[in-house]
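Asks: Need a 3D model of the sequence below.
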Amino acid sequence: MASSSVGMGCLLLVLFMVVPSLATVYTVGDTSGWTTGVDYSTWTKGKTFKVGDSLVFNYPTSHTVDEVSSGDYSTCTVGNAITTDNSGATTVTLKTAGTHYFICGVVGHCGNGMKLAVKVESAAPSKSPSKAPSSSSSSPTSSDKPSTTTPSTTTTTTKTDSSSSWSLSPFMAFFTTWVALFVTVVIS
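Replies: I've put the predicted structure just below:
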């Protein structure tokens, strides 16, 4: 009886240690979805996007989700997408730090507000204290510069109803399961 209680306690301890490694799934535009007439810069305010998080775009198939360069984002240039999807339910996993740019590839839609810039932070916790913003600094920090790497996202199609929810990586789920089994066997 006592060994099963200790086993359950160890299992709970292991599960609580995994919680910080969870990624967040964001539904772009919340209930409005990916459409014209939504201010996506307001939608991103207050959100911290990290490597491993996902963006879920829900939209009618008359729209697209195109990941584009900073220049194409600024000028709403269509036709040069890094990745594109028009399935109506697109999930983009953010795999690298930096700013990622998304527009609707239908001519005129980007100009009508269907554009999203997401600043993605590294998933690793910072070891140095955060610096307070300085008004005297005129040059952008490295995290303000757009990502210049090759395509940094994976696009899949799924349907999600919540604005943000937790997701456990397959590796961490596998690892946690094996640790829990090991602890249970050792205690028994």
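Asks: by contact count, what packs against whichever strand or helix holds residue 120?
Replies: Residue 120 is part of strand 115-121 when elements are defined by DSSP states H and E. Packing partners of strand 115-121 (3 or more Cβ pairs under 8 Å, 6 or more residues apart in numbering; DSSP states H and E): helix 40-44, strand 49-50, strand 98-103. Quick note: C-beta positions are derived from backbone N, CA and C, even for glycine.
Asks: Those: which one's closest to residue 114?
Replies: When the helices and strands packed on strand 115-121 are compared by Cβ to Cβ, strand 98-103 sits nearest residue 114, at 6.3 Å.
Asks: Which neighbouring elements make contact with that closest one?
Replies: Packed against strand 98-103 by the contact rule (3+ Cβ pairs under 8 Å, 6+ apart) you find strand 65-68, helix 70-75, strand 89-94, strand 115-121.
Asks: The shortest one: partners in the sheet, and parallel or antiparallel?
Replies: Taking DSSP bridges as the criterion, strand 65-68 pairs within the sheet with strand 83-85 (antiparallel), strand 98-103 (antiparallel).
Asks: Please report the distance of the closest residue to residue 122 other than its chain neighbours from residue 43.
Replies: Sequence neighbours aside, residue 97 is the residue nearest to residue 122 in space, at 4.7 Å (criterion: Cβ to Cβ, 6 or more residues apart in numbering). Distance of residue 97 to residue 43, computed by Cβ to Cβ, to the nearest Å: 20 Å.
Asks: which regions of the protein sit below the pLDDT cut-off?
Replies: Scanning the chain for pLDDT under 70 picks out 1-21, 124-176, 178, 180-181, 188.
Asks: And the helices in it?
Replies: 2-18, 40-44, 70-75, 170-187 (DSSP state H).
Asks: sorry, back to before: tabulate the helices and strands packed on strand 98-103 (a markdown table), appending distance to residue 57.
Replies: Shown next, in a markdown table, are the helices and strands packed on strand 98-103 (distance: least, Cβ to Cβ, whole Å):
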| stretch | distance to residue 57 |
| --- | --- |
| strand 65-68 | 5 |
| helix 70-75 | 15 |
| strand 89-94 | 4 |
| strand 115-121 | 9 |
